[in-house]
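In: Sequence first, predicted coordinates after that:
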Amino acid sequence: MPLPDSFVQELKARSDLTEIASNYVTLKRSGRNYVGLCPFHSEKTPSFNIYPENGSFYCFGCGAGGDVITFVRKIENLDYMEAIRFLAQRAGLTVPENHADDGMRKLRTRILAINRETARFYYAVLNSEKGTPGREYFARRALKPATIRHFGLGYSPPERFSLVDYLAHKGFTQDEMILANVAFKSRSGHAVDRFYGRVMFPIIDLRGNVVAFGGRTLGDDKPKYLNTSETPVFSKRDMLFALNFAKNAGTGRLILCEGYMDVISMHQAGFTDAVATLGTALTPSQSRLMSRYAKEVVVSYDADEAGQKAASRAIPLLRAAGLPVRVLTVEGGKDPDEYIKAYGPAKFKRMLDGSVNDVEYRLQKAKSGCNLQSPEGRVTYLRRAVPVLAALDNKVEREVYAGKVAGETGVKTATLLSQVETGSRKLEKGRQKKEFRSIRRREAGYGSSVNPEKLDHLRAAGAEEALIAFLVKYPENAGKILQALPPEKFVTAFNRRVYKRIMGRIMDSKPADLTGITEGFSMDEISEVARILAKSDGVTATWEDAEEFIGVLKQENDKIMLGSADSAPPEEIEAYLERLRQQKK
């Protein structure tokens, strides 16, 4: 049962989107609206817009959009009811009790309970006779019992039904186990353990809940690491391993590692500010998450080629999140875990404290293999250095490092800066072209999972979107529009659904705002409605315009009907032809 409309509207009235967003984004006024760099993707040119008149936001760069509830959901990684409670607490409102335990919340609670019991099960198995292979592995990795307890490490036995039987005994259904992704459905239809014969790493969120698991095989099974898939309580793109511990380290720094074992070894050695991604490359969401708990990030990836490439990809994402970045290059080509075991924490700390910032790191890589005593070597270094310097947004920073490179190569700083400025303009032009193409593709419906019919019915979808925006702006025309164009005349199913929802709200004398009309919609669907409204911002439309949109949709319906003329009754075809004759007159 949904929340009372009166409560949601009051909550929205007390939750100013501009004020809330300004805690995460630097906003500047642009006419009636506000713009800023999008908090949901990395960008150099502001494309994140807030529209105070209708309480919505939309980013033309990445397509994220919605109302204040959607914004809080995305920025804080919350579900709908969690976002409602977040805003209600801020606004001094009480969420109606009879809605406080909705179906999704119950499901999330059950999944968290399954994960908690699963972590206990794996830990108990590790410390039993069956757990000998897991204990031997952790012993080889020199983990102390206290470290194993601290991280709740475990072992999944090789039998395929051990966990499923244990959870069933605890009162959980097979469907719940499958939704939690600790089991999967076999061909026979029975639940089977997802993890078996692996050492297990519980993934814990910032509230202390076990939300997922990572499992490492002890043999040659593929994949080497297996992670929980997306569930109602877990998104691997939005979390970091061990951040629940690292956020309390008090160093003002986070050390970003590649894997679970690097993090655990660092914590055991006293570097309790280490975290890792969860089997994926670093994402913008994870970068923003780190910015809330650190003043700088040290990237400590493996010294092999793959690790260094991953470091190079991570740097711009961390910079976009406003974080100063240093890069640790581990001596001898070892990973951090190996280095600490070989040389001890004290030497690792000296190396960590001496790590260079990301610009120096990239310039060192550019200089690698160049003989600066030869003209060819200096030219090669300069050619490699120019893109590094051109990518710097801060002109002071750009000039300082241009001076350093110029001094190393014997060229004039002004000459080098001229090349850098040219490269910077090319980069910006390329970024703008790429973003423009992305916007055009989104407008045309390419790759749309929300409205896949749009690509094949572009003219109809355009008229539908224009009519939806008109209806939201001028709800007093709803009766005339509905009489002229019933919902079944909408060509695309998604726009028809939005149209019906708006009409229903207006006919019930309820606000046809984004919050009201998208209740029950997915995040992507809400973003699509926000795009429709954003596209019409500042555009004045008249009833004559609405009549034109209606006319287009009637024509498109007629075309579709004529396209299936083989099955259409003769009188319908004749009626269509008569309408065409009347239009020509």
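Out: Noted; the coordinates are in hand.
In: Residue ranges of each domain in this structure, please.
Out: 5-99, 103-234, 243-354, 363-434, 452-584 (automatic domain parsing).
In: Could you report the neighbour count for the residue lying closest to residue 278 once chain neighbours are set aside?
Out: Leaving aside its sequence neighbours, residue 278 sits nearest to residue 236 (Cβ to Cβ, 6 or more residues apart in numbering; 4.2 Å). Placement of C-beta: from N, CA and C, glycine included. Using other Cβ atoms under 10 Å, residue 236 has 21 other residues around it.
In: Adding mean pLDDT, write the domains of the chain out as CSV.
Out: Below are the domains of the chain laid out as CSV (pLDDT from 0 to 100):
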stretch, mean pLDDT
domain 5-99, 91
domain 103-234, 94
domain 243-354, 90
domain 363-434, 92
domain 452-584, 86
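In: Distance to residue 442 and mean neighbour count added to those, as a markdown table?
Out: Listed next are these as a markdown table, based on distance: least, Cβ to Cβ, whole Å; neighbours: other Cβ atoms under 10 Å:
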| stretch | distance to residue 442 | mean neighbour count |
| --- | --- | --- |
| domain 5-99 | 6 | 18 |
| domain 103-234 | 23 | 18 |
| domain 243-354 | 18 | 19 |
| domain 363-434 | 13 | 15 |
| domain 452-584 | 7 | 17 |
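In: still on that earlier bit, distance check, the residue nearest to residue 278 against residue 320.
Out: Computed with Cβ to Cβ, to the nearest Å, the distance linking residue 236 and residue 320 is 20 Å.
In: again, but for residue 552
Out: 41 Å.
In: Quick check: residue 251 touching residue 270?
Out: No - using Cβ atoms under 8 Å, residue 251 makes no contact with residue 270, being 10.9 Å away.
In: which residues of the stretch 451-585 of the chain fall in helices?
Out: 458-473, 478-484, 493-507, 514-517, 523-535, 543-563, 570-584 (DSSP state H, counting those that start in this stretch).
In: Reformat the ones you listed as CSV; add distance to residue 30.
Out: Shown next, in CSV, are those (distance: least, Cβ to Cβ, whole Å):
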stretch, distance to residue 30
helix 458-473, 20
helix 478-484, 31
helix 493-507, 27
helix 514-517, 20
helix 523-535, 13
helix 543-563, 25
helix 570-584, 42
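In: Between the two ends of stretch 152-161, how far is it?
Out: 22 Å (Cα to Cα, to the nearest Å).
In: Check the gap between residue 46 and residue 283 for me.
Out: 21 Å.
In: Revised request: answer the last question for residue 109.
Out: 27 Å.
In: returning to what we had before: which stretch among the helices of the stretch 451-585 of the chain comes nearest residue 41?
Out: Residue 41 sits nearest to helix 523-535 of all these, at 12.5 Å, using Cβ to Cβ.
In: Just the CA coordinates for stretch 34-53, please, in CSV.
Out: Only the C-alpha atoms of stretch 34-53 are listed here, as CSV (Å, rounded to 0.1, in the frame of the first residue of the first chain):
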residue,chain,number,x,y,z
TYR,A,34,20.7,26.0,-11.2
VAL,A,35,23.5,24.1,-12.9
GLY,A,36,26.6,22.2,-11.7
LEU,A,37,29.0,19.3,-12.3
CYS,A,38,27.0,16.1,-12.2
PRO,A,39,27.6,14.1,-9.0
PHE,A,40,26.6,10.9,-10.8
HIS,A,41,29.3,10.9,-13.5
SER,A,42,32.7,12.4,-14.3
GLU,A,43,32.4,15.6,-16.4
LYS,A,44,34.3,18.9,-17.0
THR,A,45,31.4,21.0,-18.4
PRO,A,46,28.3,21.4,-16.1
SER,A,47,25.3,19.5,-17.4
PHE,A,48,23.5,18.8,-14.2
ASN,A,49,20.4,21.0,-14.0
ILE,A,50,17.9,21.7,-11.2
TYR,A,51,14.5,23.1,-12.0
PRO,A,52,13.0,24.7,-8.9
GLU,A,53,9.6,25.3,-10.5
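In: Touching that stretch from outside, list them.
Out: For stretch 34-53, the surrounding residues in contact (Cβ atoms under 8 Å, 6 or more residues apart in numbering) are 17-18, 21, 24-28, 30, 32-33, 56-62, 64, 74-75, 284-285, 288, 316-317, 320, 393, 428, 431-432, 435, 533-534, 537.
In: The same query, at a cut-off of 7 Å, please.
Out: 17-18, 21, 24-28, 32-33, 57-62, 64, 74-75, 284, 288, 316-317, 320, 393, 428, 431-432, 534, 537 (Cβ atoms under 7 Å, 6 or more residues apart in numbering).
In: what does stretch 156-168 give?
Out: 114, 117-118, 121-122, 125, 130, 177, 182-183, 191-193, 195-198, 200, 215.
In: same deal with stretch 2-17?
Out: 50, 55, 57, 67-68, 71, 84, 87-88, 90-91, 93, 96, 99, 510-511, 515-516, 519.
In: How about the contacts made by residue 217?
Out: 197-198, 224.
In: Restricted to strands, list the residues you listed.
Out: residue 198 (DSSP state E).
In: Columns distance to residue 417 on top of the contacts of residue 217, output as TSV?
Out: TSV is the format used below for the contacts of residue 217 (distance: Cβ to Cβ, whole Å):
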residue	distance to residue 417
197	59
198	54
224	47
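In: List just the nearest of the contacts of residue 217 to residue 527.
Out: So of the contacts of residue 217, ranked by how close each gets to residue 527 (Cβ to Cβ), first place is residue 224, at 35.8 Å.
In: Spatially, and excluding backbone neighbours, which residue is closest to the closest one.
Out: residue 217 (5.8 Å).
In: Kindly format the C-alpha coordinates of stretch 213-220 as CSV.
Out: Output in CSV follows, covering the C-alpha atoms of stretch 213-220 (Å, rounded to 0.1, in the frame of the first residue of the first chain):
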residue,chain,number,x,y,z
PHE,A,213,30.2,-12.3,-0.1
GLY,A,214,33.4,-12.8,-2.1
GLY,A,215,34.8,-16.3,-2.4
ARG,A,216,38.3,-17.4,-3.5
THR,A,217,38.8,-20.8,-4.9
LEU,A,218,41.5,-23.0,-3.5
GLY,A,219,42.0,-25.0,-6.6
ASP,A,220,42.0,-24.3,-10.4
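In: mind checking how far that stretch is from the chain centre?
Out: 27 Å (Cα atoms, centre = their mean, to the nearest Å).
In: Then stretch 122-129?
Out: 35 Å.
In: Repeat that for stretch 493-500.
Out: 26 Å.
In: so where's the longest helix in the chain?
Out: In the chain, taking DSSP state H as the definition, the longest helix is helix 413-444.
In: residue nearest the centroid of the chain?
Out: residue 285 (5.2 Å; Cα atoms, centre = their mean).
In: Point me to the helix or strand that includes that residue.
Out: Residue 285 belongs to helix 284-291 when assigned by DSSP states H and E.
In: Show me what the following helix or strand past that helix packs onto, helices and strands only.
Out: Sequence order places strand 296-300 as the next helix or strand after helix 284-291, per DSSP H and E. Packing contacts for strand 296-300, counted by 3 or more Cβ pairs under 7 Å, 6 or more residues apart in numbering; DSSP states H and E, involve strand 253-257, helix 305-320, strand 325-327.
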